[in-house]
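Undergrad: with the sequence up front, the predicted model follows.
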Amino acid sequence: MYDLNVSTLSILNSNQLDSNEDGKIIQKSVNSVVLKLIENCDTTDTISVYLEILKNYAKNSMTNKLASLANKCLMRIHAVIIFISKLFIELQQYY
């Protein structure tokens with residue numbers, strides 16, 4: 001799972017994708033894959049993977065954007081967890 005996430009984030013990190021229309025389509029597709037991974041994989045494993053990516057790639061300024069993308073993914077996971085928590089709180093009020 002680590003390699004898959006690093007690969008997808010590396011594709012999103014590529015400067016070559018911004019240069020033409022096909023690159024933008026690829027970027028949107030890969031972004032969709034990343035979101036599906038976040039939504040459908042085990043949350044604990046996903047958080048561990050993105051924390052590992054942050055640890056490995058935040059040290060080097062050349063790969064700092066990759067770490068920034070991993071941080072965005074963690075924030076997305078956090079938002080999903082908050083939404084689910086609020087949903088459970090709302091459900092508890094009715095039952």
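TA: Structure received.

Undergrad: which residues in the chain form strands?
TA: Across the chain, reading from the start of the chain, there are no strands by DSSP state E.

Undergrad: can you give me the helices in it?
TA: 2-13, 21-40, 43-57, 64-94 (DSSP state H).

Undergrad: can you list these in CSV and add mean pLDDT?
TA: Below are the helices of the chain laid out as CSV (pLDDT from 0 to 100):
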stretch, mean pLDDT
helix 2-13, 82
helix 21-40, 85
helix 43-57, 86
helix 64-94, 84
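
Undergrad: okay, these in CSV with mean neighbour count next?
TA: For glycine as for every other residue, the C-beta is placed from the backbone atoms N, C-alpha and C. As requested, the helices of the chain are exported to CSV (neighbours: other Cβ atoms under 10 Å):
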stretch, mean neighbour count
helix 2-13, 16
helix 21-40, 13
helix 43-57, 16
helix 64-94, 13
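
Undergrad: residue nearest the centroid of the protein?
TA: For the chain, the residue nearest the mean C-alpha position is residue 73 (2.8 Å; Cα atoms, centre = their mean).

Undergrad: contacting residues around residue 9?
TA: 34, 53, 66, 69-70, 73 (Cβ atoms under 8 Å, 6 or more residues apart in numbering).

Undergrad: look up how far residue 18 lies from it.
TA: In this structure, residue 9 lies at 16 Å from residue 18, with Cβ to Cβ, to the nearest Å as the measure.
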